[in-house]
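Colleague: whatever this is, show me its structure:
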Amino acid sequence: MERFHRPGDEDPFPSLNRLTGNYEVLEVVLEHNHLLHVPQTRHLIASQRKISEIQAFDIETANDSGIRPKAAYELACRRVGGPLNLSYTCCDQKNHLRTKRQRELAFGQAGSVLKYFHDKIVENPSFHYDLQYDCEEHVTNIFWLDAKIIIDCAHFGDVVTFDTTFGTNKEYRPFGFFLGLNQFRETTIFGVALLFDETKDSFTWLFETFLVAHDGRQPKTIYTNQDISMGKAIEKVFIESYHELCTFHIMQNAVKHLSPVKDEGEVEGEDEESHILSDFSACMYGCEDKSAFQEAFDNMICKVHKQIWLDSIYKLSEKWVECYMRDVFSLGVRSTQLSESFNNALKHHLKSYFHIVWFLKHFERPVKVKRSKEFESEFEATKNIPRIKMSTLMLVQASKMYTPVIFEAFQGEYERSMAACAKALDGNNKFTVSIGSLDGTFEEERIVIGDPLTQKVSCTCGIFNRVGILCAHGLKVLNLMNMKTLPTIYVLKRWTRDAQKGIILDRQGRNMVADPKLEAMLRYKNLSHKFLTLAKKIANSEECCLLLEDALDYIGPKLEDKLNASSKEPSKESSKEPSKNQENIDPNVQQTTDFLNTARLKKKEVQSKISKRTRTWIDKLRNEKRKPTKSSTSTSKGGKKQKKDDGLQPQVEVQNDGNKKGANMLHEEYNVIGSFTQLLTAPTCADDRLYDGNLF
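Modeller: Numbering: from 1, shown residues only. The predicted model follows:
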């Protein structure tokens, strides 16, 4: 038998044309499907379709992990052997997720955000958030941070970068976050904010809230991009911090604005432009003296055609030129590249169609990834011993104190000190130190002053003042002063293995715990070990077992009363009325249901982007239809007066001539074309306007 029925052959299923009974028709169709080897499909009726609790958990877990519903449904089908063995359809799965989203937004976007923050406070009382309201009691700016962020900022908040370049959603709300470096030189988060706009007032509120959350501790250095509103807010709030600009963004702007001076008839070349960019880069990084920078900048500005941007960036030279920042503590950071790397991680977890609650929940995913990486680094630091190239007392001491990545940097400076040549100058313990290389050349000489009594050295390179690691010049002078161990003054705690040791208190004076669940698990493990050890010892003694049981019966009710009392404390706080302040409210007071319902998030009006799609000849023909003719552009004086008075576009009168009639017939023919087949079979129009060169 043939696999497919061909035209002209005998009909293999004549009953299909004669029978009207459903059962016989269904039997013949099933037989036909079997002969053609077509798999039979079964559709679940509504009473048979059901999503169990375990299946709902799998669906929600896959959705929270960023798996698309279609991919999650296909995975569920493969796990049970096909869609026939699954008790729900893909449409049921989407309906379940839609219902879940509706439950998440039961209080609206702003109320659901407050509910989300309230749940975080229940998990960890040290969680902190703050909101700013406008005059209409609409939420405009949101700032939040958990206990781990507060602890990290207390230990590593000396250098902070702030950036708002990540696009959050279709409303284009600025998403800003404060970042820094931990003891492993890995990115850590110091605060997160979802802003309404990028104005001075918004940034001022954000920076003030940041300081309040971190107990008023200001960073030594803060890096941002070249934003005027942000710079004004930093000058007002971070009065003790040194504000530096991102050199990466400055170089990007230099590529856009710098062009060499062109003589008459001379064509600008790429070599000349790259030469100017290299000169600008030398002014930024290569000048260690202010006079040398001024000379190099003056020579470069003579070669540039447009000097407007250079004049504006020159006024901020103390924020991006190397010679102005030689004594600024920066950890070797010169740009906001920490934010760029974090933006790359956010792109894999945050999508533009997320509502604000999903945005908050999915933001936790890259944060957990970074923290798990930090745990791995801590484990590797305790498990592995750093490789020491030279067995000296100072290197052995440094390997036990520093983290592996910092020890590698210190060991590199120690090796360079072995190749350094020193020469004593007039005066006590004053030397010139120059480091040699394998090719016989020497680096620039540095002046180092040592003090054996205080065990201090001062080098003109200023590496320790910027990075926190003693330079090779200083190590050479320490060796000349017969100091074989590293003085404790040159060991910064933030670079050591014990950088996070210490007690940090929150705003209520409580000891902060980064992860309460982890702490509870460790306590459970400790108590279980003690109880099991004790039970194993006294199991053979009936008297000891009775004594232990009596003690448990006595202490058990007291522990339950203690737990019940602590669980009732949040309910007492929830009965408190919210603050009546129009701008800010107390974030640590639990909100009532009525307040959650009345909370509103300020909407941001976003202009739709112009479509970049290439116009086809049909689009151009439609534009030709809408475009008025020359004779129709003339308007009466009354029409002009109406436009001036009402602000409305006056009606245009069109002359009723033959051209208009022909155009109408042309467009009627065009409107008939409804498919590609009709387009091919349509008669050729004789109107020359269809073949106007402007249409193509």
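
Colleague: packing partners for the lengthiest helix in the chain?
Modeller: In the chain, with assignment by DSSP state H, the single longest helix is helix 542-574. The contact analysis (3 or more Cβ pairs under 8 Å, 6 or more residues apart in numbering; DSSP states H and E) places helix 542-574 against helix 516-538. For every residue, glycine as well, the C-beta is placed using N, CA and C.

Colleague: got a list of contacts for the helix it packs on?
Modeller: Contact with helix 516-538 is made by 123-124, 513, 544-545, 548, as judged by Cβ atoms under 8 Å, 6 or more residues apart in numbering.

Colleague: buried only: go through these for me.
Modeller: With neighbours counted by 16 or more other Cβ atoms under 10 Å, those contain buried members at 124, 513.

Colleague: I'd like the contacts of helix 516-538 as a markdown table, with pLDDT and distance to residue 504 appended.
Modeller: Written out in a markdown table, the entries for the contacts of helix 516-538 read as follows (pLDDT from 0 to 100; distance: Cβ to Cβ, whole Å):
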| residue | pLDDT | distance to residue 504 |
| --- | --- | --- |
| 123 | 89 | 18 |
| 124 | 89 | 13 |
| 513 | 84 | 10 |
| 544 | 92 | 42 |
| 545 | 92 | 43 |
| 548 | 90 | 38 |
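
Colleague: where are the low-confidence patches of the stretch 301-450 of the chain?
Modeller: For the stretch 301-450 of the chain, the stretches flagged by pLDDT under 70 are 353, 427.

Colleague: show me the strands in it, by range?
Modeller: Secondary structure of the stretch 301-450 of the chain by DSSP state E, counting those that start in this stretch: the strands cover 420-424, 430-435, 446-451.

Colleague: and those as JSON lines, adding mean neighbour count and distance to residue 228?
Modeller: Formatted as JSON lines, the strands of the stretch 301-450 of the chain follow (neighbours: other Cβ atoms under 10 Å; distance: least, Cβ to Cβ, whole Å):
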{"stretch": "strand 420-424", "mean neighbour count": "14", "distance to residue 228": "45"}
{"stretch": "strand 430-435", "mean neighbour count": "20", "distance to residue 228": "42"}
{"stretch": "strand 446-451", "mean neighbour count": "19", "distance to residue 228": "38"}
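
Colleague: relative to residue 283, which of the ones you listed is closest?
Modeller: Residue 283 lies closest, by Cβ to Cβ, to one member of those: strand 446-451, at 22.0 Å.

Colleague: show me what the closest one is packed up against.
Modeller: Helices and strands touching strand 446-451, by 3+ Cβ pairs under 8 Å, 6+ apart, are strand 430-435, strand 456-459, helix 472-480.

Colleague: out of these, flag the one nearest residue 45.
Modeller: helix 472-480 (79.5 Å).

Colleague: which residues does that closest one contact?
Modeller: Contacts to helix 472-480, defined as Cβ under 8 Å, 6+ apart, come from residues 394, 413-414, 416-417, 420, 422, 429, 431, 433, 435, 446, 448, 450, 457, 459, 461, 464, 470, 486-487, 490.

Colleague: same check, this time on stretch 198-212
Modeller: If you take Cβ under 8 Å, 6+ apart as the criterion, stretch 198-212 is touched by 130, 132, 140-141, 143, 164, 174, 176, 178, 190-191, 193, 195-196, 217-218, 227, 229-230, 232-234, 236-238.

Colleague: what about it, distance to the chain center?
Modeller: Distance, stretch centre to chain centre, for stretch 198-212: 19 Å (Cα atoms, centre = their mean, to the nearest Å).

Colleague: all numbers from here: first residue = 402
Modeller: Got it, first residue is 402 now, which makes that one stretch 599-613.

Colleague: so for it, what's the average pLDDT?
Modeller: The pLDDT scores in stretch 599-613 average 93.

Colleague: in that stretch, which residues are buried?
Modeller: Going by neighbour count (16+ other Cβ under 10 Å), the buried part of stretch 599-613 is 603-611.

Colleague: re the thing from before, can I get the helices and strands packed on strand 847-852 in CSV including distance to residue 716?
Modeller: Compiled in CSV, these are given as follows (distance: least, Cβ to Cβ, whole Å):
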stretch, distance to residue 716
strand 831-836, 36
strand 857-860, 31
helix 873-881, 34
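
Colleague: can you get me a residue count around residue 562?
Modeller: 27 (other Cβ atoms under 10 Å).

Colleague: helices and strands around whichever strand or helix holds it, which ones?
Modeller: Using DSSP states H and E, residue 562 maps to strand 560-568. Here strand 560-568 touches strand 575-582, strand 622-625, helix 738-748, going by 3+ Cβ pairs under 8 Å, 6+ apart.

Colleague: and the longest one, what does it pack against?
Modeller: Using 3+ Cβ pairs under 8 Å, 6+ apart as the contact criterion, the neighbours of helix 738-748 among helices and strands are strand 560-568, strand 575-582, strand 588-595, helix 757-784.

Colleague: closest to residue 552 out of those?
Modeller: The minimum distance between residue 552 and the helices and strands packed on helix 738-748 falls on strand 588-595, with 10.0 Å, by Cβ to Cβ.

Colleague: and the angle for the helix or strand just after that closest one with strand 588-595?
Modeller: Sequence-wise, the next helix or strand downstream of strand 588-595 (DSSP H and E) is helix 601-614. With axes from the mean of the first three to the mean of the last three Cα atoms, to 10 degrees defining the directions, helix 601-614 sits at 130 degrees from strand 588-595.

Colleague: wait, which of the strands of the stretch 702-851 of the chain is closest to residue 687?
Modeller: Evaluated over these, closeness to residue 687 peaks at strand 847-852, with 16.3 Å, by Cβ to Cβ.

Colleague: kindly calculate the angle that that closest one makes with strand 831-836.
Modeller: Strand 847-852 runs at 130 degrees relative to strand 831-836, counting by the same axes, to 10 degrees.

Colleague: CA atoms of strand 847-852 as CSV?
Modeller: The C-alpha trace of strand 847-852 is given here as CSV (Å, rounded to 0.1, in the frame of the first residue of the first chain):
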residue,chain,number,x,y,z
ARG,A,847,62.6,56.9,44.0
ILE,A,848,63.5,58.6,47.2
VAL,A,849,62.8,56.6,50.3
ILE,A,850,63.2,57.9,53.9
GLY,A,851,63.3,55.3,56.7
ASP,A,852,63.0,55.5,60.4
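
Colleague: could you list the paired strands of it along with their orientation?
Modeller: Sheet pairing for strand 847-852, assigned by DSSP bridges, gives strand 831-836 (antiparallel), strand 857-860 (antiparallel).

Colleague: save those strands as TSV, and put in distance to residue 690 too.
Modeller: Listed next are those as TSV, based on distance: least, Cβ to Cβ, whole Å:
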stretch	distance to residue 690
strand 831-836	17
strand 857-860	16
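
Colleague: which of those strands sits closest to residue 766?
Modeller: strand 857-860 (44.3 Å).

Colleague: so what touches the closest one?
Modeller: 834, 847-852, 871-872, 874-875, 878-879, 888, 890.

Colleague: of the residues you listed, closest to residue 458?
Modeller: Of all the contacts of strand 857-860, residue 458 sits closest to residue 871, with 54.7 Å by Cβ to Cβ.

Colleague: so the closest one is in contact with residue 863, correct?
Modeller: No: contact criterion Cβ atoms under 8 Å: residue 871 and residue 863 do not qualify, at 11.5 Å.

Colleague: which one's more surrounded, these two?
Modeller: Between residue 871 and residue 863, counting by other Cβ under 10 Å, residue 871 is the more crowded of the two (23 against 16).

Colleague: so that one, which state does it fall into?
Modeller: coil (DSSP: H, G, I helix; E, B strand; the rest coil).

Colleague: give me the neighbour count for the nearest residue to it once chain neighbours are set aside.
Modeller: Closest residue in space to residue 871, ignoring its immediate chain neighbours: residue 891 at 4.7 Å, by Cβ to Cβ, 6 or more residues apart in numbering. Neighbours of residue 891 under the rule other Cβ under 10 Å: 17.
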